[in-house]
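1. dropping the sequence and predicted coords here.
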Amino acid sequence: MNNSHQIANWLVLANMAAAGGNHAEAHTYYTKILEADTTHFAAWLGKGESAGRLSTLQEFRLQETIASFRTAIALVPQEEEATLRLKAATVVAASIDYFAACRQHISP
């Protein structure tokens with residue numbers, strides 16, 4: 001079934017969920033978008049960011065985040081690439097810093 005007509009709605013819902021801190025719901029909507037259109041760079045970016053924010057000490061999702069960001073960068077129009085790279089780098093740095101702080105807090 002072709003659900004591509006729903007992409008715009010799913011993107012709004014994904015972005016609203018992410019803005020509200022509901023990264024699990026955002027991840028679900030970004031994935032739905034990608035199921036309908038694997039070339040949607042904004043969905044790859046959102047999926048990567050929400051995966052990173054879903055990281056825990058038991059499941060650090062940095063590899064998923066980086067893979068999603070690489071795909072987004074490969075698909076983004078050239079005039080938007082620098083902005084996307086900066087956002088991706090910021091999210092990755094924040095994820096690494098957060099994980100390091102958590103590990104330090106529980107380490108003896």
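-> On my side now, so go ahead.
2. all helices of the protein, in order?
-> 7-19, 23-36, 41-53, 62-75, 78-106 (DSSP state H).
3. what does stretch 75-82 rub up against?
-> 39, 40, 41, 44, 73, 84 (C-beta atoms under 8 Å, 6 or more residues apart in numbering). Backbone N, C-alpha and C define where each C-beta goes, glycine included.
4. list the buried ones in that stretch?
-> Within stretch 75-82, the residues that qualify as buried are 75, 76, counting by 16 or more other C-beta atoms under 10 Å.
5. and residue 57, its phi and psi?
-> phi -70, psi -30 (degrees, to the nearest 10).
6. with residue 22 instead?
-> phi -90, psi 80.
7. against residue 78, how distant is it?
-> As for residue 22, its distance to residue 78 is 32 Å (criterion: C-beta to C-beta, to the nearest Å).
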